[in-house]
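Colleague: Mind looking at a prediction? Sequence and model below.
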Amino acid sequence: MLRIIDSRTGEPVEAAPARRGLTRVHAHATGLDASALRVLLVADILVRVLELGGTPVWAVLTGDRQQPELRAAATGLGIRPFEDGRDLATGLGESQVIRVAGEREAAPDGTSPAAAVLVEVAPVTGPDIATAADGGVRDPAALRLTLLAAPRGTPVRFDTDALDEADRTLARWRRAVAVWARQPSRPVPEEVRGRLRTAWEDDLDVPGVLRVLDRVETEPDLPDGARFETYAYADRLLGLDLVRDLGRMS
């Protein structure tokens, strides 16, 4: 069960307190910049974790500037669409509301109840998102991985070194996944599955998930077929298109 720290109280709460009860994930982001995209990415990860646990989710987005541009940029980063929450008046009987917002956007905006769990996301500094994307040349998954590699409460700086490191990691993992896929499939070891779920259910510890993958990559006794299935399973959360090069490697 996912437990997440409520930024208002500093205490952990259950993200889905009622079994199979609807959870509303309310992302609030204003304008088009890397910090707003990080808010949407954290909300996207939250939705994915809840869905992996079998929780129905209603994901909405509010904000008062550049919403079409923000949605388009989010799609480019593999962030799944959010419904328009600007005209939200009443809920759908949800058992939990989780509001995801930047540090300067954390106050309720009238569409999210005061009782909502608050998840604050630290800002991104450095070049704007267009510059960081190198005019569209940079793999968007490298931007996504750069944002995922730090805890959400830690500020992130976009710079060439960080993006280059993300590019190298993605290239290495995708190449390895393509090679592992040639071997007989093996199930994800239960111990590894448990480590992955423990990480992402502990306050969305995505850096912890990445550390598990680093370890799986080099564990000597793990069959390659199991490595492949582990990376494919984890990518349901990460959204890094790690199986992209299947069939391309000679």
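Modeller: That came in fine, so what should we check first?
Colleague: where exactly do the strands run in this protein?
Modeller: Using DSSP state E, the strands of the chain run over 3-6, 11-14, 23-28, 57-62, 83-84, 96-102, 117-121, 124-125, 156-157.
Colleague: Residue 205 against residue 197, yeah?
Modeller: No - using Cβ atoms under 8 Å, residue 205 is not in contact with residue 197, being 10.7 Å away. All C-beta atoms are positioned from the backbone trio N, CA, C, and that covers glycine.
Colleague: all helices of this protein, in order?
Modeller: 34-52, 67-76, 129-132, 140-148, 160-180, 190-200, 206-218, 224-238 (DSSP state H).
Colleague: Would you mind giving these as a markdown table with mean pLDDT, distance to residue 105 and mean neighbour count added?
Modeller: Formatted as a markdown table, those follow (pLDDT from 0 to 100; distance: least, Cβ to Cβ, whole Å; neighbours: other Cβ atoms under 10 Å):
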| stretch | mean pLDDT | distance to residue 105 | mean neighbour count |
| --- | --- | --- | --- |
| helix 34-52 | 95 | 8 | 23 |
| helix 67-76 | 90 | 13 | 17 |
| helix 129-132 | 52 | 17 | 16 |
| helix 140-148 | 93 | 17 | 23 |
| helix 160-180 | 94 | 24 | 17 |
| helix 190-200 | 96 | 24 | 16 |
| helix 206-218 | 97 | 21 | 16 |
| helix 224-238 | 97 | 25 | 20 |
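Colleague: Break the protein down into its structural domains.
Modeller: The chain breaks down by automatic domain parsing into domains covering 3-121, 166-238.
Colleague: Would you mind giving these as CSV with distance to residue 159 added?
Modeller: As requested, those are exported to CSV (distance: least, Cβ to Cβ, whole Å):
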stretch, distance to residue 159
domain 3-121, 12
domain 166-238, 11
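Colleague: Pick out the residue nearest the middle of this structure.
Modeller: Centroid-nearest residue in the chain, with Cα atoms, centre = their mean: residue 45, separated by 3.0 Å.
Colleague: Quick one: residues contacting that residue.
Modeller: 148, 200, 204, 206, 237 (Cβ atoms under 8 Å, 6 or more residues apart in numbering).
Colleague: rerun that using 10 Å as the cut-off
Modeller: Contacts of residue 45 were listed using Cβ atoms under 10 Å, 6 or more residues apart in numbering, and they are 79, 100, 147-148, 152, 200, 204, 206, 209, 237-239.
Colleague: Include distance to residue 10 when you put the helices of the chain into CSV, please.
Modeller: Output for those, formatted as CSV (distance: least, Cβ to Cβ, whole Å):
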stretch, distance to residue 10
helix 34-52, 18
helix 67-76, 29
helix 129-132, 31
helix 140-148, 23
helix 160-180, 29
helix 190-200, 20
helix 206-218, 20
helix 224-238, 25
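Colleague: Pretty sure residue 48 sits against residue 209.
Modeller: No - look at residue 48 against residue 209 with Cβ atoms under 10 Å: they stay out of range, at 11.1 Å.
Colleague: Give the residues shared as contacts by those two.
Modeller: 200, 237-238.
Colleague: Tell me the one of those residues nearest residue 180?
Modeller: Nearest to residue 180, judged by Cβ to Cβ, of the shared contacts of residue 48 and residue 209 is residue 238 at 16.6 Å.
Colleague: Verify the stated contact: that closest one with residue 148.
Modeller: Yes - using Cβ under 10 Å, residue 238 is in contact with residue 148, at 6.6 Å.
Colleague: list residues touching both of these two?
Modeller: 45, 141, 206, 209-210.
Colleague: which one of the residues you listed sits closest to residue 177?
Modeller: Nearest to residue 177 among the shared contacts of residue 238 and residue 148 is residue 141, at 13.0 Å by Cβ to Cβ.
Colleague: Sounds good, over and out.
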